[in-house]
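A.B. asks: Give me coordinates for this.
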Amino acid sequence: MSSENNSLVFSSVFLARNPQNEPHVPQLAEWGKKLVASGVVKGTEGNLSFRTRLGFIITGTDVALDALTPENVSEITGVVYGLNITSVYVKGIAVPSRETIMHSQIYEERADVNAIFHVHDSRVTANADKSGIPVTAKEQPAGSLELAKEAVSLIQSNKDVKYFVLRNHGGVALGANMDEAAKLVADASAKVKK
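C.D. replies: Below you'll find the predicted structure:
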């Protein structure tokens, strides 16, 4: 099965087709509900992940974040960049989020990050520059390898960054755990309301 969008196509190679029984999936589901209830996220906007022993769990593509279940999250156990197509190795039922490549590259870059919450908070995205929130240099297509590279470039130039904005796209919180990632999202939202 393939996930496709403007400038990146990745092939999902399913190693196992079972619901995720990872013990932290219920916590991820709870945070999805809280983010939607807070108004920071609407419906399927955004994607959440957390690191596992083998890789990371990520929300499925087009999944409402307030309706996460073991059936609509997947574990990514590897990413292989080919000449013509990128292969994403998956355990689960759901096709992983189109932002899987970005999550994968951030986890590779930052060993201290164990949870990534990518949300489309329009107020934060529109006001990041004015609020002093780091923003990627260029706008890139959602789900693209170029978008992932922009995120990693920002992280490499600011080793301590915990929250940043993908230009004209959305915010990315880098937490030591899910609680910290959620707090970073809330703090950024509060910062632009001031």
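A.B. asks: what about the chain, any weak spots by pLDDT?
C.D. replies: Applying pLDDT under 70 to the chain flags the ranges 1-9, 194.
A.B. asks: What segments of it are helices?
C.D. replies: 25-37, 100-109, 122-131, 145-157, 178-193 (DSSP state H).
A.B. asks: Enumerate every residue touching residue 92.
C.D. replies: Residue 92 sits next to 14, 16-20, 60, 71, 73-75 when contact means CB atoms under 8 Å, 6 or more residues apart in numbering. To be clear about C-beta, it is placed using only N, CA and C from the backbone, and glycine gets the same treatment.
A.B. asks: Okay, buried residues for stretch 70-84 please.
C.D. replies: By 16 or more other CB atoms under 10 Å, the buried positions in stretch 70-84 come out as 70, 72-77, 79.
A.B. asks: can you dump the C-alpha coordinates of that stretch into CSV?
C.D. replies: Below are the C-alpha coordinates for stretch 70-84, written out as CSV (Å, rounded to 0.1, in the frame of the first residue of the first chain):
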residue,chain,number,x,y,z
PRO,A,70,-4.9,0.3,18.6
GLU,A,71,-6.4,-0.3,15.1
ASN,A,72,-5.6,3.2,13.7
VAL,A,73,-2.0,3.7,14.9
SER,A,74,1.0,1.8,13.5
GLU,A,75,4.6,1.1,14.6
ILE,A,76,7.3,2.1,12.2
THR,A,77,10.3,-0.2,12.5
GLY,A,78,12.4,1.1,9.7
VAL,A,79,12.7,3.5,6.8
VAL,A,80,14.7,2.7,3.7
TYR,A,81,15.4,5.5,1.2
GLY,A,82,15.6,4.1,-2.4
LEU,A,83,16.4,5.7,-5.6
ASN,A,84,12.7,5.9,-6.8
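A.B. asks: Touching that stretch from outside, list them.
C.D. replies: Here stretch 70-84 makes contact (CB under 8 Å, 6+ apart) with 10, 15, 19-22, 25, 28, 52, 54-60, 63, 86-96, 100-101, 103-104.
A.B. asks: do that again at 7 Å, thanks
C.D. replies: Stretch 70-84 is touched from outside by 15, 19-22, 25, 28, 52, 54-60, 63, 86-94, 96, 100-101, 104, with contacts defined as CB atoms under 7 Å, 6 or more residues apart in numbering.
A.B. asks: Then stretch 95-108?
C.D. replies: 1, 3, 5, 8, 10, 12, 47, 49, 51, 56, 58-61, 74, 76, 79, 86, 88, 90, 113, 116, 118, 142-143, 145, 147-148, 151-152, 155, 174.
A.B. asks: Export the helices of the chain to TSV and append columns for mean neighbour count and distance to residue 137.
C.D. replies: Shown next, in TSV, are the helices of the chain (neighbours: other CB atoms under 10 Å; distance: least, CB to CB, whole Å):
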stretch	mean neighbour count	distance to residue 137
helix 25-37	18	27
helix 100-109	22	15
helix 122-131	16	12
helix 145-157	18	7
helix 178-193	18	19
